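*Asks:* task: produce atomic coordinates for the following.
(2 chains)
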Number of protein chains: 2
Amino acid sequence: MSDKPESLTQADESALMQLREEIDRLDTEILALISKRANCAMKVAEVKMKASGNAGAVFYRPEREAQVLTSVMDRNPGPLGNEDMAKLFREIMSACLALEKPMEVAYLGPEGTFTQQAALKHFGQWVKTKPMPAIDEVFREVEAGACNYGVVPVENSSEGIVNHTLDTFITSNIKICGEVELRIHHHLLAGPNTKHDKISRIYSHQQSLAQCRKWLDAHMPHAERIAVSSNAEAAKRVQGEWNSAAIAGELAASLYDLEIVESKIEDSPDNSTRFLIIGTEQVGPSSEDKTSLVVSMRNEPGALYHLLKPFNEFGVDMTRLETRPSMTGNWTYVFFIDFAGHCEDESAIKVINAIRETAVDVKVLGSYPKGVL
Amino acid sequence: MSDKPESLTQADESALMQLREEIDRLDTEILALISKRANCAMKVAEVKMKASGNAGAVFYRPEREAQVLTSVMDRNPGPLGNEDMAKLFREIMSACLALEKPMEVAYLGPEGTFTQQAALKHFGQWVKTKPMPAIDEVFREVEAGACNYGVVPVENSSEGIVNHTLDTFITSNIKICGEVELRIHHHLLAGPNTKHDKISRIYSHQQSLAQCRKWLDAHMPHAERIAVSSNAEAAKRVQGEWNSAAIAGELAASLYDLEIVESKIEDSPDNSTRFLIIGTEQVGPSSEDKTSLVVSMRNEPGALYHLLKPFNEFGVDMTRLETRPSMTGNWTYVFFIDFAGHCEDESAIKVINAIRETAVDVKVLGSYPKGVL
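*Replies:* Numbering: from 1, shown residues only, chains lettered A, B, ... in the order given. Below is the predicted model:
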């Protein structure tokens, strides 16, 4: 019945038939090639297992995966977009890797959070994900070897920098092995009995209010904007008030029985959250890497200048600098620094050595491939 | 650094190098073939668009997808498992289909529920999913054409048959276009202050208690088991009681701030939930189909016998029968029937005609490919 909903002519029918046969032929070839690829992956595992005496062999190589994905994107002839094609190869690699050894990845739970989405985006569907109740438990799970990798948020559009994640790095031996970004949407939420034209107060986290400023200016110019500690807190408050609304995500709407008055009100469609992949091994160089450092400096005049000078001197591109109060002493600052390149690059070694001369402590949190997807 | 964590010999290194080169060659071929496949898919879309005058062309063909997946599984040479290979092809088809026309699928929300997981499992990652607050709103969204398809739970291991879904079919013109199963896990949850050896009461839905009976007999033989209306309700009750626990899923733990005392305590590892894909068009025959009927019968002696006889007579395999009280009259019953085969099969036509002779009403809810994954 559904075969001809669109009055197809005889010629159309035969064109479709030919195309379907062609697709079937292509599928046969794709099937054979993916199977060959899986066989190669198994042979790689064999060589590694033999060399390591069956213990501690490292099967997942973030730098190699990043190279494969970058190369796929470079050579992609279309019509599929580069990201789409890379996502398909991510899944093919994920399936092949699961043959070598099924990987377990801890993440900041519960199930269904953005962090789980990030884990699946980075490792593909074949990875086993394990929800943990807190960020430091994700770290512990990975340090203890119970999981191969962990995924934690590091910049959250609704909460800003996730300080807890940065702080945990200071006291841990965990390495950063990768990064992944997810797009996040904000919605205007209100209780089921709220009259939408009577909304006079809008709660949200400061960052979310800022991210929806233009929309609010245009559509709710007279409503008071009130910054609260988190978007979930905003949603909670709105529950008891008939004249207020919250800016928060989908999940908050369902948790607090609110309705979505208007969806996707963020000003920038690229509103995204960044997550870090953490592991126990330093990742080797890929074609495009990033390095994260944590540096403790004495609180002296010119400290920041001393810190920044070497980057300029050796031509290393610092992409980010965060200052955090040190937890171990009143008179030192802690800086989190990201720069482009791998810590084994000659220029990076020079920068790190130069910083070491003036800093109380320098720790390389890890070099890792720049997020490809 | 991580390049040689496993003391590789020169010979190992060169073997690995060769394997990686082979993988790169295979990737190049896979890339080219997937791109060709995507081109074919676009040509299919062109033919259909032209034939339908650019409106109402049907791009997604559940029966065709099922055939492709079945054929892939039949011919899969390994080493990847059949399910793994089918999942990869699901994603390839999903990406190609998104080129023709991005599909929107409504599901019973919120985000992160099993129903969303089911939608992504069935349609692949390229589909746009849209959460709806209630089952009948999923139906409405699809009937109104706002979404191409919908996904609703029909048998939930924690709630049994989802009666609301069945009831909605009675009054709707929606067709069943497919089915998908997901494995579900149960956990024992308790409050953070509960002493685990002092748990004397366990709340859960009747079905979940039944599904964890053996584990409870072995580990909690003295705890009282109390059936409540849902697993969420069970988790809610436990919040206020220091000596009780609930059996529920991951999400309930986080919603009600409970700890997972013991995870995956279900007796059968195959504990699963079934979802239906709903749409507006009847699906054509694939190689292996199922048909769902709803039949109203007068409450007369022998009614059920009259209903079942034709199946036996024409050799049609009835796989399921559910009885529901009719909502339109006290003196009729409503039966939900699944049988193997397509409603266009000769034997199925005979059965349906025979039932029509005795029934008050017969409605074909849809014929659809048996779930492949």
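*Asks:* drop to CA atoms for contacts and neighbour counts, all remaining ones
*Replies:* Will do.
*Asks:* how about low-confidence regions in chain A?
*Replies:* In the predicted model of chain A, residues A:1-6, A:53-57, A:110-113, A:156-161, A:251, A:255, A:269-271, A:325-331 satisfy pLDDT under 70.
*Asks:* domain map for it?
*Replies:* With domains defined by automatic domain parsing, chain A comprises A:21-100, A:103-184+A:274-280, A:187-270, A:282-373.
*Asks:* distance between the ends of the second one?
*Replies:* So the one you mean is domain A:103-184+A:274-280. Start-to-end span of domain A:103-184+A:274-280 (C-alpha to C-alpha, to the nearest Å) is 14 Å.
*Asks:* can you give me phi and psi for the nearest residue to A:Pro102 once chain neighbours are set aside?
*Replies:* The spatial neighbour of A:Pro102 that comes closest, neighbours along the chain excluded (C-alpha to C-alpha, 6 or more residues apart in numbering or on different chains), is A:Val127 at 6.6 Å. Phi and psi for A:Val127, reported as degrees, to the nearest 10, are phi -80, psi 150.
*Asks:* show me what contacts A:Val127?
*Replies:* Residues in contact with A:Val127 (C-alpha atoms under 8 Å, 6 or more residues apart in numbering or on different chains) are A:Ser94, A:Ala98, A:Pro102, A:Met103, A:Glu104, A:Val105, A:Leu120.
*Asks:* by contact count, what packs against the strand or helix carrying A:Ile23?
*Replies:* Assigned by DSSP states H and E, A:Ile23 belongs to helix A:10-51. Applying 3 or more C-alpha pairs under 8 Å, 6 or more residues apart in numbering or on different chains; DSSP states H and E, we find helix A:10-51 packed against helix A:82-100, helix B:10-51, helix B:62-75.
*Asks:* who wins for proximity to A:Gly249 among those helices?
*Replies:* Closest to A:Gly249 of the helices and strands packed on helix A:10-51, according to C-alpha to C-alpha: helix A:82-100, at 24.8 Å.
*Asks:* which residues touch that closest one?
*Replies:* Contacts of helix A:82-100 (C-alpha under 8 Å, 6+ apart): A:34, A:37-38, A:41-42, A:45, A:59-60, A:65, A:69-70, A:72-74, A:76, A:122-127, A:373, B:31, B:79-80, B:84, B:88, B:91-92, B:95.
*Asks:* same thing with stretch A:335-355?
*Replies:* By C-alpha under 8 Å, 6+ apart, stretch A:335-355 touches A:166, A:285, A:288-297, A:306-307, A:310-311, A:314-324, A:362, A:364, A:366-368.
*Asks:* mind giving me the PyMOL select for the residues you listed, buried ones only?
*Replies:* In PyMOL, this line selects whichever of the contacts of stretch A:335-355 come out buried by 16 or more other C-alpha atoms under 10 Å in any protein chain shown:
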select buried, chain A and resi 166+285+288+289+290+291+292+293+294+295+296+297+306+307+310+311+316+318+362+364+366+367+368
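*Asks:* among the contacts of stretch A:335-355, which are located in helices?
*Replies:* A:Leu166, A:His306, A:Leu307, A:Pro310, A:Phe311 (DSSP state H).
*Asks:* these two touch, right, the last one and A:Arg320?
*Replies:* No: the pair A:Phe311 and A:Arg320 fails to qualify as a contact (C-alpha atoms under 8 Å) at a distance of 11.9 Å.
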